[in-house]
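>>> Got a predicted structure plus its sequence, pasted below:
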Amino acid sequence: MLIIGKKLSPYALLSISGLLAASDQAVKWLVQQSMAYGEYVSVTPFFNWVHLWNTGAAFSLFANGGGWQRYFFRVYGFNG
(Lines give C-alpha, C1' and ligand atoms only; values in the text may rest on other atoms or scores of the structure.)
Protein backbone atom coordinates (compact mmCIF):
# COMPACT_ATOMS: atom_id res chain seq x y z
CA MET A 1 0.00 0.00 0.00
CA LEU A 2 1.40 3.38 -0.97
CA ILE A 3 0.68 6.50 1.03
CA ILE A 4 2.12 9.64 -0.52
CA GLY A 5 4.97 7.80 -2.19
CA LYS A 6 6.00 5.69 0.81
CA LYS A 7 5.31 2.00 1.20
CA LEU A 8 3.89 0.96 4.59
CA SER A 9 5.15 -2.21 6.20
CA PRO A 10 2.70 -4.96 7.15
CA TYR A 11 3.45 -4.16 10.81
CA ALA A 12 2.42 -0.54 10.34
CA LEU A 13 -0.83 -1.63 8.67
CA LEU A 14 -1.46 -4.14 11.45
CA SER A 15 -0.83 -1.43 14.04
CA ILE A 16 -3.25 0.95 12.32
CA SER A 17 -5.87 -1.80 12.13
CA GLY A 18 -5.40 -2.59 15.81
CA LEU A 19 -5.76 1.07 16.79
CA LEU A 20 -8.95 1.39 14.75
CA ALA A 21 -10.44 -1.75 16.30
CA ALA A 22 -9.50 -0.60 19.82
CA SER A 23 -10.96 2.85 19.16
CA ASP A 24 -14.19 1.28 17.90
CA GLN A 25 -14.53 -0.83 21.05
CA ALA A 26 -13.71 2.15 23.30
CA VAL A 27 -16.42 4.29 21.68
CA LYS A 28 -18.96 1.46 22.05
CA TRP A 29 -18.05 1.08 25.73
CA LEU A 30 -18.33 4.83 26.34
CA VAL A 31 -21.76 4.96 24.70
CA GLN A 32 -22.99 2.03 26.82
CA GLN A 33 -21.72 3.71 29.99
CA SER A 34 -22.97 7.23 29.30
CA MET A 35 -26.22 6.86 27.31
CA ALA A 36 -29.44 5.02 28.05
CA TYR A 37 -30.68 2.59 25.41
CA GLY A 38 -32.66 4.53 22.81
CA GLU A 39 -31.25 7.90 23.90
CA TYR A 40 -29.99 10.19 21.18
CA VAL A 41 -27.86 13.31 20.97
CA SER A 42 -28.25 15.76 18.09
CA VAL A 43 -24.77 16.37 16.71
CA THR A 44 -25.77 18.37 13.64
CA PRO A 45 -29.16 19.15 12.08
CA PHE A 46 -28.81 16.00 9.94
CA PHE A 47 -26.82 13.66 12.24
CA ASN A 48 -27.94 12.13 15.55
CA TRP A 49 -25.83 9.89 17.79
CA VAL A 50 -28.19 7.11 18.94
CA HIS A 51 -27.62 4.24 21.38
CA LEU A 52 -29.16 1.19 19.67
CA TRP A 53 -28.20 -2.46 19.14
CA ASN A 54 -27.94 -3.99 15.68
CA THR A 55 -29.48 -7.45 16.06
CA GLY A 56 -28.92 -8.50 12.46
CA ALA A 57 -25.99 -8.57 10.11
CA ALA A 58 -24.85 -5.46 8.26
CA PHE A 59 -27.43 -2.69 8.58
CA SER A 60 -29.84 -5.08 10.40
CA LEU A 61 -29.99 -7.51 7.49
CA PHE A 62 -31.84 -10.62 8.76
CA ALA A 63 -32.85 -8.80 11.99
CA ASN A 64 -36.21 -10.59 11.95
CA GLY A 65 -34.72 -13.97 11.06
CA GLY A 66 -35.50 -15.63 14.37
CA GLY A 67 -31.92 -16.02 15.55
CA TRP A 68 -30.49 -18.61 13.14
CA GLN A 69 -28.29 -15.97 11.50
CA ARG A 70 -26.24 -15.33 14.65
CA TYR A 71 -25.10 -18.96 14.81
CA PHE A 72 -24.54 -19.14 11.05
CA PHE A 73 -22.30 -16.06 11.03
CA ARG A 74 -20.39 -17.20 14.12
CA VAL A 75 -19.74 -20.67 12.73
CA TYR A 76 -18.57 -19.31 9.40
CA GLY A 77 -16.59 -16.43 10.91
CA PHE A 78 -18.52 -13.52 9.46
CA ASN A 79 -19.60 -11.89 12.73
CA GLY A 80 -17.14 -12.70 15.55
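Cool, the structure landed. No experiment lies behind these values; they were computed from the predicted model shown. Numbering: from 1, shown residues only.
>>> In this structure Asn48 contacts Ser42, no?
Yes: counting by Cβ atoms under 8 Å, Asn48 sits close enough to Ser42 to count as a contact (5.4 Å). From N, CA and C alone the C-beta is placed, and that goes for glycine too.
>>> What is the neighbour count of Val43?
9 (other Cβ atoms under 10 Å).
>>> Which secondary structure state is assigned to the closest residue to it other than its chain neighbours?
Distances taken as Cβ to Cβ, 6 or more residues apart in numbering place Trp49 nearest to Val43, at 5.5 Å, with adjacent residues excluded. Put simply, Trp49 is strand when judged by DSSP: H, G, I helix; E, B strand; the rest coil.
>>> Show me what Trp49 is bridged to.
Here Trp49 sits in beta bridges with Val41, as judged by DSSP bridges.
>>> what separates it from Ser42, distance-wise?
8 Å (Cβ to Cβ, to the nearest Å).
>>> Those two - which one has more neighbours?
Set side by side, Trp49 and Ser42 show more neighbours around Trp49, with 12 against 9, by other Cβ under 10 Å.
>>> what pLDDT does that one get?
Confidence at Trp49, expressed as pLDDT, is 90.
>>> So what's the residue count around His51?
There are 15 residues near His51, going by other Cβ under 10 Å.
>>> Show the contacting residues for it.
His51 makes contacts with Val31, Gln32, Met35, Ala36, Tyr37, Gly38, Glu39, Tyr40, as judged by Cβ atoms under 8 Å, 6 or more residues apart in numbering.
>>> Buried ones among these?
Val31 (16 or more other Cβ atoms under 10 Å).
>>> what about the protein, any weak spots by pLDDT?
In the predicted model, the chain carries pLDDT under 70 at residues 1-5, 55-67, 69-70, 73, 75-80.
>>> Outline the domain layout of this structure.
With domains defined by automatic domain parsing, the chain comprises 1-34, 37-80.
>>> for the protein, which helix is longest?
Counting residues, the longest helix found in the chain (DSSP state H) is helix 10-34.
>>> Could you pull out the buried residues of that helix?
Val31.
>>> Let the chain start at 32 from now.
Happy to do that; since the first residue is 32 now, the last one works out to helix 41-65.
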